[in-house]
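# got a sequence here, can you model it:
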Amino acid sequence: MACYDEHEQFGEFLAFFAHTYYPYGGLEDCLGCFDYLENAWEAIAKKREKTNCYGVMHVVNIRTRLVYDKPDQTEGVELDTWIANQKEDDE
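Numbers count the residues shown, from 1 in each chain. Predicted coordinates for the structure are as follows:
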């Protein structure tokens, strides 16, 4: 199966949500792969409803390599820049 076929089959948005204090890390915090950005944020909202803890959340577009940190964000941040910013925040 070609990479393009996989994209069409699985969608291009990965939704991530983790409890602030207990993230699994990596793909274990992934809620799934979605066709649309809005669907990814809906999945995160449903997960957040089931917890009373603050969570870390973001959506990654695997085709464009852009990351979205907020549901109302219209422009994503380049993945490499987003990762670098996360490392700076941890220091």
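# on the pLDDT front, check Asn85 for me.
With respect to pLDDT, Asn85 scores 89.
# which helix or which strand is home to it?
Taking DSSP states H and E as the definition, Asn85 sits inside helix 79-90.
# could you list the buried residues of that helix?
For helix 79-90, the buried set under the neighbour-count rule, 16 or more other C-beta atoms under 10 Å, comprises Trp82. The C-beta positions use only the backbone N, C-alpha and C, and glycine is treated the same way.
# got the phi/psi numbers for the residue nearest the centre of the chain?
Centroid check for the chain by C-alpha atoms, centre = their mean gives Val59 as the closest residue, at 2.4 Å. Torsion angles at Val59 (phi, psi; degrees, to the nearest 10) stand at phi -130, psi 140.
# returning to what we had before: hey, C-alpha coordinates of the helix holding Asn85 in PDB?
The C-alpha trace of helix 79-90 is given here as PDB (Å, rounded to 0.1, in the frame of the first residue of the first chain):
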ATOM      1  CA  LEU A  79       6.600  20.400  14.300                       C
ATOM      2  CA  ASP A  80      10.300  21.000  14.700                       C
ATOM      3  CA  THR A  81       9.700  24.500  16.200                       C
ATOM      4  CA  TRP A  82       7.000  23.100  18.400                       C
ATOM      5  CA  ILE A  83       9.300  20.400  19.800                       C
ATOM      6  CA  ALA A  84      12.100  22.900  20.400                       C
ATOM      7  CA  ASN A  85       9.700  25.100  22.300                       C
ATOM      8  CA  GLN A  86       8.600  22.200  24.400                       C
ATOM      9  CA  LYS A  87      12.200  21.400  25.300                       C
ATOM     10  CA  GLU A  88      12.800  25.100  26.300                       C
ATOM     11  CA  ASP A  89       9.700  25.000  28.500                       C
ATOM     12  CA  ASP A  90      11.100  21.900  30.300                       C
END
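# which residues touch it?
Under the contact criterion C-beta atoms under 8 Å, 6 or more residues apart in numbering, helix 79-90 has outside partners 58, 60, 65-67, 77.
# tell me how far the residue nearest to the centre of the chain lies from Asn52.
22 Å (C-beta to C-beta, to the nearest Å).
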